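In: only geometry, no sequence info:
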């Protein structure tokens, strides 16, 4: 594509929410529409107009597809409007002193080809160009920081501890496991296919892993992997797995509640009996990565070093083109992605 | 009663569990039987033989009346055997170098008139004789230490924070509220009768209190009392109250899970959706007082000072005689007790 020119009107394909979702999201709950956008930023505003390169698909987006009576921690998506989430973008036009055309950013953007970001408060310069840009939707972006903050700040994992990670081949889980290994923990992960289990054991260096779909008894699987119990559980799934984990926690175990991917499509999510936390003095703590953005630069440098040294690797599942975005998002809930699910909207 | 004489055989009334309990415990699930006991300690053993003066009735005892497939944090009671729990006792005979006849102890003992304690590892000398001995089943015993550890060590309540306590007129709740007030917190409690609510506001100095049985909407009641939300919830009840509290927690709020009195009689306790912890970064932490016994002496001195200075007061509900023990225990679940429920087996 030719370089965009200020004032030019471009076509802008967008993924909009078609209707609020009940149960499992379907491709038909979204629609890819083609509109136009004039390449301009309002005079005097701090807006930036970006061309989107990579969009991140994250399970939490499902929670935004339902209308909440009480506001959730992120705004619900609105039928007829474009979705938004983190992505990697290139600045086309800028009214903001920190950004100029050609800059590469990661941050919140629209699920569309071009986005006018009125106030780029959650846009960050991409500092490490030696890696694929898409890493800034994963290992060097929100999922990486989520893994880092959840493991060290929330769960306070320490050398020698036993760490369990669910959805371990996913964007967050694969990083959690590798960071825990680097810390000197014994690390086991669960995933939903033999292929993913194989990745955990070979590519990501987990001590052990199991395919939860093939285990008749999750409690027994955990007892097999952790005969002396679990110190830290990095919780991505909820439901029966969380229940089984709580039966296998050690005294003063910690559960960092990051996500609940098995539960987002349920009208009545599974609950946990709080009394289960009492006998072994278990701490269960929810967190949002937004609390830890202040640590991003420290994290970015540390993670870039690990990547350069080959101490952390990552696996991405890249869907090509914005038309592929709805299916890529929906696929997360069937576990179709292998690794971090990203949509390549355009190459730089 | 005349002083007990070594070698003498005495009658010994005991409260035994008659059958494992399902649902709400009834007086008929227990039985008061009369046996005999020879006043003696096995030669060479560290045993102490004590005369029981006060027995503590605690809601957690209900959890011991059900047979657990997987061992719980305390052993299940056994049908046909005497119950045990904390109490205040006087040493009759001792094979242990730390204790001599006439010493007053608090610690784990039987629900009976005399108990042979084979190894008095959980027996403590009573240091503050200026208070009623029964205080060592409450404000100066396990409930007091539970309140202290839960509020400061687990929930980490700080000056200026908003603290909510359920079952607030109970043995633990009344101390939690007063300690939180002494720390400079804004404190609200819930209880199950207007009489108890009145106690909270007048005798215990809570900022506010409500009768949960008279509130049509617990969420609305909490919003009324905490328009800016709750920083610390000292959780004694579970169920609908916990659910409503989780809707009203502030960012980085803490829930110290001490008990779940509304849930012990349910076969399928109410669960909490773990995702509820995520949006506001809520920490929910269970604990057992046994983790904090090392802090007992520091606590005892601090609490004795508060009591002497009139900064903490306590309300006890004393049932007279061991025959009254089963009804006193069962009464906890109907909220019949006003304040700490204790059974006076014998006066010193």
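Out: Cool, got the structure. These numbers were taken from a predicted model, which means no experiment stands behind them.
In: residue A:318 contacts residue A:344, doesn't it?
Out: Yes - in terms of C-beta atoms under 8 Å, residue A:318 counts as a neighbour of residue A:344; the distance is 5.3 Å. C-betas here are computed from N, CA, C, even on glycine.
In: with adjacent residues omitted, what lies nearest to whatever residue of chain A ends up closest to chain B?
Out: Here the residue of chain A nearest chain B is residue A:271; by C-beta to the nearest C-beta that distance is 1.7 Å. The spatial neighbour of residue A:271 that comes closest, neighbours along the chain excluded (C-beta to C-beta, 6 or more residues apart in numbering or on different chains), is residue B:271 at 1.7 Å.
In: pLDDT wise, what is the one you found at?
Out: Looking at residue B:271, its pLDDT reads 89.
In: and if you look at residue A:3?
Out: pLDDT, the model's per-residue confidence, is 60 for residue A:3.
In: what about the closest residue to residue A:277 other than its chain neighbours, neighbour count?
Out: When the adjacent residues along the chain are set aside, residue A:277 lies closest to residue B:286, with 3.0 Å between them (C-beta to C-beta, 6+ apart). Other residues near residue B:286 number 25, with proximity taken as other C-beta atoms under 10 Å in any protein chain shown.
In: quick check: phi and psi on residue B:286?
Out: phi -80, psi 160 (degrees, to the nearest 10).
In: and residue A:139, backbone torsions?
Out: Backbone torsions for residue A:139, taken as degrees, to the nearest 10, come to phi -60, psi -30.
In: who touches the closest residue to residue A:58 other than its chain neighbours in this structure?
Out: Computed as C-beta to C-beta, 6+ apart, the closest residue to residue A:58 that is not its neighbour in sequence is residue A:85, at 6.3 Å. Neighbouring residues of residue A:85 by C-beta atoms under 8 Å, 6 or more residues apart in numbering or on different chains: A:55-58, A:61, A:108-109, A:111.
In: if we can go back for a sec, does the residue of chain A closest to chain B really touch residue B:275, like I thought?
Out: No - checked against C-beta under 8 Å, the pair residue A:271 and residue B:275 is beyond contact range at 10.3 Å.
In: need the overlap of contacts for residue A:318 and residue A:344.
Out: residue A:134.
In: pull up the pairing partners for the longest strand belonging to chain A, direction included.
Out: For chain A, the longest strand by residue count, based on DSSP state E, is strand A:84-94. Neighbouring strands of strand A:84-94 in its sheet, by DSSP bridges, are strand A:48-56 (antiparallel), strand A:104-110 (antiparallel).
In: show residues contacting the shortest one.
Out: Taking C-beta under 8 Å, 6+ apart as the criterion, the residues outside strand A:104-110 that touch it are A:14, A:48, A:50, A:52-53, A:55, A:82-91, A:99, A:115, A:117, A:120, A:122-126, A:129, A:133, A:136-137, A:140-141, A:348.
In: let's see that with 6 Å instead.
Out: The list of residues contacting strand A:104-110 from outside it, by C-beta atoms under 6 Å, 6 or more residues apart in numbering or on different chains, reads A:52, A:82, A:84, A:86-90, A:115, A:122-124, A:126, A:136, A:141.
In: kindly provide the distance from residue A:222 to residue A:212.
Out: Note on residue A:222: its distance to residue A:212, by C-beta to C-beta, to the nearest Å, is 10 Å.
In: re the thing from before, among the contacts of strand A:104-110, which ones are buried?
Out: In terms of neighbour count (16 or more other C-beta atoms under 10 Å in any protein chain shown), the buried residues within the contacts of strand A:104-110 are A:52, A:82, A:84, A:86-90, A:115, A:123-124, A:126, A:136, A:141.
In: okay, the residues you listed in a markdown table with pLDDT next?
Out: Formatted as a markdown table, these follow (pLDDT from 0 to 100):
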| residue | pLDDT |
| --- | --- |
| A:52 | 98 |
| A:82 | 98 |
| A:84 | 98 |
| A:86 | 97 |
| A:87 | 98 |
| A:88 | 98 |
| A:89 | 98 |
| A:90 | 98 |
| A:115 | 98 |
| A:123 | 95 |
| A:124 | 95 |
| A:126 | 97 |
| A:136 | 98 |
| A:141 | 97 |
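In: can you give me the helices for chain A?
Out: Shown for chain A, the helices assigned by DSSP state H span residues A:142-148, A:173-182, A:194-202, A:218-225, A:239-246, A:296-308, A:325-331.
In: with distance to chain B and mean pLDDT added, can I get those helices in CSV?
Out: Formatted as CSV, those follow (distance: least, C-beta to the nearest C-beta, whole Å; pLDDT from 0 to 100):
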stretch, distance to chain B, mean pLDDT
helix A:142-148, 11, 98
helix A:173-182, 16, 98
helix A:194-202, 23, 97
helix A:218-225, 10, 98
helix A:239-246, 6, 95
helix A:296-308, 17, 97
helix A:325-331, 19, 98
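In: dump the ones you listed to a markdown table, plus mean neighbour count.
Out: Output for these, formatted as a markdown table (neighbours: other C-beta atoms under 10 Å in any protein chain shown):
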| stretch | mean neighbour count |
| --- | --- |
| helix A:142-148 | 26 |
| helix A:173-182 | 26 |
| helix A:194-202 | 18 |
| helix A:218-225 | 17 |
| helix A:239-246 | 20 |
| helix A:296-308 | 16 |
| helix A:325-331 | 22 |
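In: pipe those into JSON lines and attach distance to residue B:161 per row.
Out: As requested, the helices of chain A are arranged in JSON lines below (distance: least, C-beta to C-beta, whole Å):
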{"stretch": "helix A:142-148", "distance to residue B:161": "28"}
{"stretch": "helix A:173-182", "distance to residue B:161": "32"}
{"stretch": "helix A:194-202", "distance to residue B:161": "42"}
{"stretch": "helix A:218-225", "distance to residue B:161": "37"}
{"stretch": "helix A:239-246", "distance to residue B:161": "28"}
{"stretch": "helix A:296-308", "distance to residue B:161": "29"}
{"stretch": "helix A:325-331", "distance to residue B:161": "40"}
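In: residue A:30 is nearest to which of those?
Out: Closest approach to residue A:30 among those (C-beta to C-beta): helix A:325-331, 4.1 Å.
In: name the helices or strands packed onto that closest one?
Out: Helices and strands in packing contact with helix A:325-331 are listed as strand A:340-344; criterion 3 or more C-beta pairs under 6 Å, 6 or more residues apart in numbering or on different chains; DSSP states H and E.
In: what does the strand it packs on contact?
Out: Counting contacts by C-beta under 6 Å, 6+ apart, the residues outside strand A:340-344 that touch it are A:54-55, A:57, A:134, A:137-138, A:171, A:316-320, A:325, A:328, A:332.
In: what's the angle from it to strand A:84-94?
Out: Interaxial angle, strand A:340-344 versus strand A:84-94 (axes from the mean of the first three to the mean of the last three C-alpha atoms, to 10 degrees): 40 degrees.
In: pairing partners for strand A:340-344, with directions?
Out: Strand pairing for strand A:340-344, determined by DSSP bridges: strand A:48-56 (antiparallel), strand A:316-320 (parallel).
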